[in-house]
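Asks: below are the sequence and a predicted model for it; my questions follow.
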Amino acid sequence: MRRDEQPIKENSEAVGFIFHFQITNGAGRKACCIRVEAHNYHDATLVFRQNRQTIELMARESLLLATDGREINLTMPSTEPR
């Protein structure tokens with residue numbers, strides 16, 4: 001028997017989900033990624049979308065400090081979706 005709709009335990013531990021995106025810098029683009037701590041992919045996606053403006057500000061602040069060609073890595077603290 002197949003069980004696709006199993007409930008998630010409330011006391012389950014949060015894990016990190018990584019989202020990759022790009023941010024424009026003048027005429028170029030810079031690769032960015034952010035790690036979102038959540039209990040499942042759906043919650044992580046919700047947190048990412050609801051905090052998009054804050055994430056963009058964090059990336060832009062890091063962009064000013066990043067002079068090398070590496071990807072900007074950010075971490076979003078563990079939060080419950082709004």
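Replies: Perfect, I can see it now. Because the structure is a prediction, the values reported are computed rather than measured.
Asks: measure the closest residue to Glu13 other than its chain neighbours to Val15 for me?
Replies: Spatial nearest neighbour of Glu13, excluding adjacent residues (C-beta to C-beta, 6 or more residues apart in numbering): His39 at 7.9 Å. All C-beta atoms are positioned from the backbone trio N, CA, C, and that covers glycine. Using C-beta to C-beta, to the nearest Å, His39 is found at 8 Å from Val15.
Asks: the two: who's more crowded?
Replies: Per other C-beta atoms under 10 Å, whichever of His39 and Val15 has more neighbours is His39, with 18 against 14.
Asks: buried residues in the helix or strand where Asp43 lies, which are they?
Replies: Under the assignment given by DSSP states H and E, the secondary-structure element containing Asp43 is helix 41-50. Applying a neighbour-count criterion of 16 or more other C-beta atoms under 10 Å, the buried positions in helix 41-50 are Asp43, Ala44, Leu46, Val47, Phe48.
Asks: isn't the second one right next to Arg35, touching?
Replies: Right, the one you point to is Ala44. No - taking C-beta atoms under 8 Å as the contact criterion, Ala44 and Arg35 are not neighbours in contact, 9.3 Å apart.
Asks: picking up where we left off before, surely the residue nearest to Glu13 touches Leu46?
Replies: No - distance between His39 and Leu46: 10.9 Å, which falls outside the contact criterion (C-beta under 8 Å).
Asks: ok, back up a step: which residues are common contacts for Ala44 and Arg35?
Replies: Between them, Ala44 and Arg35 have Phe17 as joint contacts when contacts are counted by C-beta atoms under 8 Å, 6 or more residues apart in numbering.
Asks: related to what we said a few turns ago, how about the buried residues of helix 41-50 in JSON lines, adding distance to Arg29 and pLDDT?
Replies: Compiled in JSON lines, the buried residues of helix 41-50 are given as follows (distance: C-beta to C-beta, whole Å; pLDDT from 0 to 100):
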{"residue": "Asp43", "distance to Arg29": "28", "pLDDT": "92"}
{"residue": "Ala44", "distance to Arg29": "24", "pLDDT": "91"}
{"residue": "Leu46", "distance to Arg29": "26", "pLDDT": "94"}
{"residue": "Val47", "distance to Arg29": "24", "pLDDT": "92"}
{"residue": "Phe48", "distance to Arg29": "19", "pLDDT": "92"}
